[in-house]
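In: here is a sequence with its predicted model. Questions after.
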Amino acid sequence: MRILQLTPGTGDFLCGSCLRDNSLVMGLRDRGHDALIAPLYLPFAMEDGSVDAARPGEIEPTIHMGGINVFLQQKLGLFRWLPRVLHDRLDSPRLLRWAAGHSKMTETPGLGALTLSMLRGEEGRQRAEVARLVEWARELPRPDVLLLSNVMLIGLARELKAALGCPVVCTMQGEAPFLEALDDGHRERCWATLAERARDVDGFLAVSQYTADLMSSRMEVDPAKVQVVWNGGDLEGIAPDPGRRDPERPAIGYLARMCRDKGIEALVEGFLHLKERHPRARLVAAGVVLNEDRELLQRLEQRVAGAGWAADVELLGPVTREQKIDLLQRVDVLSVPAVYGESFGLYLPEAWAAGLPVVQPRHGGFTELVEHTGAGVLYEPGDPEALAGALGDLLDDPLRRSALGEQGRAAAAEDFTRERMAERVEAALGQVLESAAG
């Protein structure tokens, strides 16, 4: 198959969706498909610090629908009529990275109007950007299928499908929390627009059954059009190294964006409760820190210091791939207690590949994944004492911890590799193409 994948970039920080989509394209190419991934809005950020994929040709070099152009065309009608050469300059990767690093990208207040406009595609204020994307896509060899990274791109489906004459498949990855956080005036209008635009899509891939059920209900999509394909990732080089763990000072690990929604605040509170039972326990946390996260991290550092445990807590911020593997090899348990219904969480397969059990709240995709693998413990969300109890029970039982870790290693190798994800996506796309041809 010839496959075109469109994925929003993040500019200057690592994003699980970007890593997942890049792994998918690499896996599809390994299986003999002609797959190309093209960045929208902002450049990609890779774990090795580059803006390119591991092999030439996998990432299209041009940034399409650059974030500055998209924003300005929303706010100022004049910018919709600028000469093309000026639009191209605003799509400079260097400029886009600078803009990403100096903005608060994930705060939803005020984004309702822009979100609705983007979902409306050629009917929104960014219609000129949509037309430019379509013009570029027409110049490519015709793909057999177009893959959209998430449902927030669904406004592109109608025009691209008409121009390319191929089926469109859209991934459901975890858009619901963002949409639910929009202001009251735009939230339901966005959901209604998604339901309307979903008719332009031939099939959906959901990263978990939880996501499939939630999104098909909210978007009024026939569940028969949704196939569940768990995420996979690049697990090469991630393996246990028990000699690096300190049995006298066990460590809890965290590997996600350092923000409240992903659970860093909940984990710190749980850890402070855990210290009453395990005074020698440590916490090692790492992940992306955006501008809007810095105030919270300062408060957490003060909280830990005020409790007298500053020496036992490492809040590392962003890490390289090598540093991530180092973290996974020197902690005993991983916990990312997201406060919302997380759709998947690539940190789970990474922990399992390193032989670590996980402790996760019983909601979202966590329930499905932990129950399938048997490689962790679920606790009732929103209860720091319950989190501390689950962590403490595992620290008290090295044999159980080891057994759960071994189950995780087996599950990671079986279900969550890049190769396994690509195989499942290949099968799902084949079904969509067969249905479209029939």
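Out: All right, it came through fine. Numbers count the residues shown, from 1 in each chain.

In: quick one: Q227 from M172, how far?
Out: From Q227 over to M172 the distance is 10 Å, taken as Cβ to Cβ, to the nearest Å. C-beta coordinates here come from the backbone N, C-alpha and C atoms, glycine included.

In: what do these two both touch?
Out: F204, L205, A206 (Cβ atoms under 8 Å, 6 or more residues apart in numbering).

In: give me the longest helix you can find in the chain.
Out: Identified as the longest helix of the chain according to DSSP state H is helix 418-437.

In: list the buried ones in it?
Out: R418, R420, M421, A422, E423, R424, V425, E426, A428, L429, V432, L433 (16 or more other Cβ atoms under 10 Å).

In: what's the answer for stretch 311-327, then?
Out: For stretch 311-327, by 16+ other Cβ under 10 Å, it's D312, V313, E314, L315, L316, P318, V319, R321, K324, I325, D326, L327.

In: swap in stretch 294-310?
Out: L296, L297, L300, R303, V304, W309.

In: quick one: contacts for P357?
Out: P357 makes contact with V333, L334, A351, A375, G376, V377, L394, R401, L404, G405, G408 under the criterion Cβ under 8 Å, 6+ apart.

In: and if we set it to 6 Å?
Out: V333, A375, G376, R401, L404, G405 (Cβ atoms under 6 Å, 6 or more residues apart in numbering).

In: what does A286 give?
Out: Counting by Cβ under 6 Å, 6+ apart, A286 has contacts L255, L316, V319, L327.

In: go on, V151?
Out: By Cβ under 6 Å, 6+ apart, the neighbours of V151 are C170, M172, E175.

In: now distance to F71 too, for these, in a markdown table please.
Out: Below are the contacts of V151 laid out as a markdown table (distance: Cβ to Cβ, whole Å):
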| residue | distance to F71 |
| --- | --- |
| C170 | 23 |
| M172 | 25 |
| E175 | 19 |
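
In: out of those residues, list just those in helices.
Out: Per DSSP H, the subset of the contacts of V151 in helices is empty.

In: who wins for neighbours among those residues?
Out: Highest neighbour count within the contacts of V151: C170, with 31 neighbours (other Cβ atoms under 10 Å).

In: how about that residue, nearest residue that isn't a chain neighbour?
Out: L148 (4.3 Å; Cβ to Cβ, 6 or more residues apart in numbering).

In: and the one you found, what are its bridge partners?
Out: L6, C170 (DSSP bridges).

In: from V70, how far off is it?
Out: When L148 is compared with V70 (using Cβ to Cβ), they lie 16 Å apart.

In: of these two, who's got more company?
Out: Shown here are L148 and V70; by other Cβ under 10 Å, L148 has more neighbours (24 against 20).

In: so how far is D21 from that one?
Out: 10 Å.

In: what bits of this protein have low per-residue confidence?
Out: Counting by pLDDT under 70, the chain shows low-confidence ranges at 10-14, 45-61, 67, 76-110.

In: domain ranges for it?
Out: Following automatic domain parsing, one gets these domains for the chain: 2-233+418-437, 242-415.

In: what's the end-to-end length of the first one?
Out: Read that as domain 2-233+418-437. Domain 2-233+418-437 has its terminal residues 16 Å apart, counting by Cα to Cα, to the nearest Å.

In: repeat that for the last one.
Out: End-to-end distance of domain 242-415 (Cα to Cα): 23 Å.

In: can you get me the start-to-end distance on stretch 233-244?
Out: Start-to-end, stretch 233-244 (Cα to Cα) is 24 Å.

In: could you list the buried residues of stretch 135-149?
Out: Neighbour-count burial for stretch 135-149 flags A137, P143, D144, V145, L146, L147, L148, S149 (criterion: 16+ other Cβ under 10 Å).

In: could you dump that stretch to CSV, C-alpha only?
Out: The C-alpha atoms that make up stretch 135-149 are tabulated as CSV, following Å, rounded to 0.1, in the frame of the first residue of the first chain:
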residue,chain,number,x,y,z
GLU,A,135,-2.6,21.3,-3.6
TRP,A,136,0.5,19.7,-2.1
ALA,A,137,-1.1,16.3,-1.7
ARG,A,138,-2.3,16.3,-5.3
GLU,A,139,1.4,16.5,-6.4
LEU,A,140,2.3,13.3,-4.6
PRO,A,141,1.9,9.8,-6.1
ARG,A,142,-1.7,9.0,-5.3
PRO,A,143,-2.0,7.2,-1.9
ASP,A,144,-4.1,4.1,-1.4
VAL,A,145,-5.2,5.4,2.0
LEU,A,146,-4.9,8.6,3.9
LEU,A,147,-4.2,8.3,7.7
LEU,A,148,-5.2,11.2,10.0
SER,A,149,-3.4,11.1,13.4
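
In: and the contacts of it?
Out: By Cβ under 6 Å, 6+ apart, stretch 135-149 touches 1-7, 21, 160, 163, 166-171, 429.

In: all good on my end, thank you.
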